[in-house]
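J.: please find the sequence and the predicted model below.
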Amino acid sequence: MARIRGNIISVKNEMNRKGFRALGDATRLRIVELLSDSCCKCAETGTEGFNGTSASAICCEVTGAQKITSTVSQHLHELADTGLIQIERQGKHMVCSLNREQIRELANYLYKLSEPATSCCCSPFPSDLK
């Protein structure tokens, strides 16, 4: 458990917070969208046999640059630190893939927040006025 501003939060809540913060950046959200749109673009980028999309292909889609830039690399590592993507070194290539389970956990967290409470003890009226 971590302590932030006097409140105790769980490791799970901290991961959710970091995941939502990471997705709040337009470039990182675009990278996640790119990874979700393709199961594997490796054949197009000359990295056949790898399960994922090369970091240079992501950089090309995001910035138009043919080589990975330090900015895109930083975004990829930020997403990996939150568990939203996985990065594997395959020879001279960095291959990225979406961690779909972590994305589902974030979605489930939001879904649970949208559900009404099963037993609501709060009422706008005191019990003696009913």
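T.: That came in fine, so what should we check first?
J.: show me which helix or strand of this structure is least confident by mean pLDDT.
T.: The helix or strand of the chain with the poorest confidence is helix 42-45; it has a mean of 46 (mean pLDDT, DSSP states H and E).
J.: output the contacting helices and strands for the helix or strand that that one is followed by.
T.: Per DSSP states H and E, helix 42-45 leads on to strand 53-54 as the next helix or strand towards the C-terminus. Identification of packing neighbours for strand 53-54 by 3 or more C-beta pairs under 8 Å, 6 or more residues apart in numbering; DSSP states H and E yields helix 42-45, strand 93-98. Quick note: C-beta positions are derived from backbone N, CA and C, even for glycine.
J.: how far does strand 53-54 sit from its chain's centre?
T.: Distance, stretch centre to chain centre, for strand 53-54: 16 Å (C-alpha atoms, centre = their mean, to the nearest Å).
J.: packing partners for whatever helix or strand comes next after that strand?
T.: Following strand 53-54 in sequence order, the next helix or strand is helix 55-63 (DSSP H and E). Packing partners of helix 55-63 (3+ C-beta pairs under 8 Å, 6+ apart): helix 26-37, helix 42-45, helix 70-82, strand 93-98.
J.: check which residues of helix 55-63 are buried.
T.: Neighbour-count burial for helix 55-63, with 16 or more other C-beta atoms under 10 Å as criterion, is recorded at Ala55, Ser56, Ala57, Ile58, Cys59, Cys60, Glu61, Val62.
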